[in-house]
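Asks: could you work out the structure for the sequence below:
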Amino acid sequence: MMDYRNMTAPCGLDCFNCPMFLAKTNAELRKKIAQGMHLPMEKAMCNGCRNEKGTIGFLGMIEPCSAYKCTQKRGIDFCFECPDFPCDHLHPYADKASLVPHNTKVFNLCIIKKMGLDRWAKEKAKSVKDTYFKGKFKL
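Replies: Below is the predicted model:
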């Protein structure tokens, strides 16, 4: 059974649906990622934010991201548990928005708070990512 708490970043990103995490057990996907990102095969994967202590190895991070550091300092599992939620640690950016799911963080956190972690992970997380990358813009 998937440990959704461990495989969901404090900021709301679903590591368990990330191609970099899935590449750990899928050699064909790892090869495709390695070629596409010009990475050695051993770096074309990720163990998940919490397992990497807030750093993402394939991005060359040497210190944890600000959201991870903040949740560790405050002793909370997810940003939505903070009285300052949402804050600038979760601010969406246009840079690489079409390549990375970071603009889904606040939405995911709100849905996790509303649905609960396990239900969100099983019923909603994949559709959020699919809508973000493949859905049509609508108002």
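Asks: show me what the helix or strand containing Lys114 is packed against.
Replies: For Lys114, the host element (DSSP states H and E) is helix 105-115. In terms of contacts (3 or more Cβ pairs under 8 Å, 6 or more residues apart in numbering; DSSP states H and E), helix 105-115 is packed against helix 117-123, helix 125-134. Where you see a C-beta, it was placed from the backbone N, CA and C, and this is true even at glycine.
Asks: confidence score at Glu28?
Replies: Predicted confidence (pLDDT) for Glu28: 96.
Asks: then Tyr68?
Replies: The model's pLDDT for Tyr68 equals 97.
Asks: quick one: low-confidence parts of the protein?
Replies: For the chain, no stretch is flagged by pLDDT under 70.
Asks: for the residue positioned nearest the centre of the chain, grab phi and psi.
Replies: The chain has Leu13 as the residue nearest its centroid, 2.6 Å off, counting by Cα atoms, centre = their mean. Leu13 adopts backbone torsions of phi -80, psi 140, taken as degrees, to the nearest 10.
Asks: so it versus His38, what's the distance?
Replies: According to Cβ to Cβ, to the nearest Å, Leu13 and His38 sit 23 Å apart.
Asks: quick one: Gly54 and Pro64 touch, right?
Replies: Yes. Taking Cβ atoms under 8 Å as the definition, Gly54 is a contact partner of Pro64 at 2.7 Å.
Asks: which residues do the two both contact?
Replies: Gln72 (Cβ atoms under 8 Å, 6 or more residues apart in numbering).
Asks: neighbour-wise, which of those two wins?
Replies: Higher neighbour count among Gly54 and Pro64: Gly54, with 21 against 18, using other Cβ atoms under 10 Å.
Asks: mind checking the SS state of that one?
Replies: coil (DSSP: H, G, I helix; E, B strand; the rest coil).
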